[in-house]
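Q: what's the 3D shape of this:
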Amino acid sequence: MPTYMDVHDIPVEVAFAAPVSDQVLAGHGLPRPVRRSTAGIEIHWDMRDWSVVVLRRRSGLPWTYGVRAPRSTTHTEGKAPRGGTKPDPARPADQGDIDQMTTRHRFAVVDGLSVFYREAGDPDAPKLLLLGGFPASSHQFRNLIPALADRFHVISPDYPGFGNTDMPDPAGFAYTFDRLSEIVEGLLETIGFTGPMGIYMEDYGGPVGNRILARHPDWLEWQVIQNSNAYEEGFTAAWDAIRHALWVNRGPETEAPLEAFLELPGVKLVYTHGHTDAELISPDNWIVDAHFLERPNAHRVQLDLFYDYRTNVELYPVWQTLLRERQPETLILWGQNDIFFTPEGGEAYLRDLPEAELIRLDTGHFAVEDRLDEIVHAIRRFHAERVAPRAVTGAGAAA
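A: Model (predicted):
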């Protein structure tokens, strides 16, 4: 039998790194849980209306379990589980845990621009940078950030022209991936988020992140690639008007067909295409993005980036070479039904990273919207199994 402890007395490092099967729980005389946590780290049982039971484990040590009140209530009645003692109803939740899980919404000045970013987690924890893509902002990671904040120090910025970061007039500011990467790099240096880290790159996050890593290869400890293309076979037909028209001859005639992606129905399509259950995806996503796209010059900003994306394709061979040479620890999470990138784009990484782990997800472009649990669990497990042991031994991925 597991040993009873008040959950408040269980140190953070006791948390296990992977979900426990119902069979294992039954072997310890514990019932099947009514739900598992979003992060896959704790297992919960409802205990009347006042508490939950949490099972935790440290490798090589006994199982521990305890009771904890929901953060919005206090213990008022009921029995302690399986031979334990009733918790102290006056004991508050640990404020440090609450603070770590809370996402902070912050701004920093970089090259004269007000740059917005979200931050959560213990600054002493392993760093994880989240870089998102079109047409979103760090809002796309609003659920992923707190789900990882107890394990990582997480940062996610808005690029210039996206979300809450300034959108200077494109007549005087170059909306290129080179410039976006410089602003993000400047932000990281300004707030002191540098050195070895994990980088989660989705869509535009790849071109931005790969440029930063080309300048700072020592910053890459490990990476998560989620529907961020680096191979010719990765483009779907949705790119035809960009690749075969806009890049060949940019002008009003080749820009006009792309405007549909910048209007509300097109933005909604990006979020819903290929997702099997639309009810899992909040309409707030496309409403928020469409709002930002209604600002003066916002369409010009996006069209400039559509056009500049051709420079990413030119750099694909360079990035592929760096992958082959450095062999960073890599987790690939690939939505198989992405409107923009083919399943073959995900598979192609294995040519250059044969030791990478590829998880094929039955979802679309924004996989975190309906596959959050799978993604969080995969990131936690991958880091625990592939990255943390290397950090202990001093092995590095990026040469």
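
Q: my guess is residue 230 contacts residue 318. True?
A: No. Checked against CB atoms under 8 Å, the pair residue 230 and residue 318 is beyond contact range at 9.9 Å. All C-beta atoms are positioned from the backbone trio N, CA, C, and that covers glycine.

Q: any shared contact partners between those two?
A: Listed contacts common to residue 230 and residue 318 are nil; contacts here mean CB atoms under 8 Å, 6 or more residues apart in numbering.

Q: so these two - more neighbours on which side?
A: Higher neighbour count among residue 230 and residue 318: residue 230, with 23 against 12, using other CB atoms under 10 Å.

Q: the more buried one belongs to a helix, doesn't it?
A: No. Looking at residue 230 with DSSP: H, G, I helix; E, B strand; the rest coil, it is coil, so not inside a helix.

Q: residue contacts, it?
A: Applying CB under 8 Å, 6+ apart to residue 230 gives the contacts 206, 210, 316, 319-320, 323, 345, 348-349.

Q: tell me the pLDDT of it.
A: Looking at residue 230, its pLDDT stands at 98.

Q: any idea how far residue 106 is from it?
A: 30 Å (CB to CB, to the nearest Å).

Q: swap in residue 272?
A: Distance of residue 272 to residue 106, given as CB to CB: 31 Å.

Q: so who does the residue nearest to residue 245 when sequence neighbours are not counted touch?
A: With sequence-adjacent residues excluded and distances taken as CB to CB, 6 or more residues apart in numbering, residue 245 is closest to residue 254, at 4.4 Å. Residue 254 makes contacts with 241, 245-246, 248, as judged by CB under 8 Å, 6+ apart.

Q: re earlier: which one of the contacts of residue 230 is nearest to residue 372?
A: Using CB to CB, residue 206 comes nearest to residue 372 of the contacts of residue 230, at 20.5 Å.

Q: quickly find the element holding the closest one.
A: Using DSSP states H and E, residue 206 sits in helix 205-215.

Q: so which elements touch the helix or strand following that helix?
A: Moving toward the C-terminus from helix 205-215, the next helix or strand (DSSP H and E) is strand 220-226. With contacts taken as 3 or more CB pairs under 8 Å, 6 or more residues apart in numbering; DSSP states H and E, strand 220-226 sits against strand 197-202, helix 205-215, strand 329-335, helix 372-382.

Q: of the contacts of residue 230, which belong to strands?
A: Applying DSSP state E to those, no entry is found in strands.

Q: since we're on residue 296, how many residues are nearby?
A: Using other CB under 10 Å, residue 296 has 8 other residues around it.

Q: what helix or strand does it sit in?
A: Counting by DSSP H and E, residue 296 is part of no helix or strand.

Q: neighbours of the residue nearest to residue 376 when sequence neighbours are not counted, how many?
A: Using CB to CB, 6+ apart and skipping residues adjacent in sequence, the residue nearest residue 376 is residue 147, 4.6 Å away. Residues contacting residue 147 under the criterion other CB under 10 Å number 25.

Q: check which helix or strand covers residue 147.
A: Assigned by DSSP H and E, residue 147 falls in helix 144-148.

Q: go on, residue 105?
A: Per DSSP H and E: strand 104-110 holds residue 105.

Q: the helix or strand following that strand versus strand 104-110: what angle between them?
A: Counting by DSSP H and E, the next helix or strand C-terminal to strand 104-110 is strand 113-120. Orientation check (axes from the mean of the first three to the mean of the last three CA atoms, to 10 degrees): strand 113-120 against strand 104-110 gives 150 degrees.

Q: could you break the chain into its assigned domains?
A: Domain ranges of the chain: 3-93, 98-393, per automatic domain parsing.

Q: mean neighbour count, those domains: which tops it?
A: Stretch with highest mean neighbour count among these: domain 98-393 (a mean of 19; mean count of other CB atoms under 10 Å).

Q: quick one: it to chain centroid distance?
A: Offset of domain 98-393 from its chain centre (CA atoms, centre = their mean, to the nearest Å): 9 Å.

Q: residue 239 against residue 338, yeah?
A: No. Using CB under 8 Å, residue 239 is not in contact with residue 338, being 11.4 Å away.

Q: just to revisit the earlier point, of the contacts of residue 254, which belong to helices?
A: The members of these that map onto helices under DSSP state H are residue 241.

Q: contacting residues around residue 281?
A: Applying CB under 8 Å, 6+ apart to residue 281 gives the contacts 271-272, 275, 366, 369-370.

Q: and if you look at residue 391?
A: Going by CB under 8 Å, 6+ apart, residue 391 touches 126, 196, 221.

Q: what's the spacing between the first one and residue 102?
A: When you say that, I think you mean residue 126. Residue 126 is 19 Å from residue 102, by CB to CB.

Q: the last one now?
A: For residue 221, the distance to residue 102 under the criterion CB to CB works out to 25 Å.

Q: the domains of the chain: lowest mean pLDDT?
A: Ranked by mean pLDDT, the domains of the chain bottom out at domain 3-93, which scores a mean of 41.

Q: for residue 290, which non-adjacent residue is closest in space?
A: Nearest non-adjacent residue to residue 290 (CB to CB, 6+ apart): residue 264, at 4.4 Å.

Q: again but with residue 339, I slipped
A: That would be residue 273: by CB to CB, 6+ apart, it lies 4.1 Å from residue 339.

Q: repeat that for residue 211.
A: Of all residues beyond its chain neighbours, the one nearest residue 211 is residue 181 (3.7 Å), with distances taken as CB to CB, 6+ apart.

Q: where does that neighbour sit, in terms of helix or strand?
A: Short version, using DSSP H and E: residue 181 is in helix 177-191.

Q: residue 173 too?
A: If you go by DSSP H and E, residue 173 is not part of any helix or strand.
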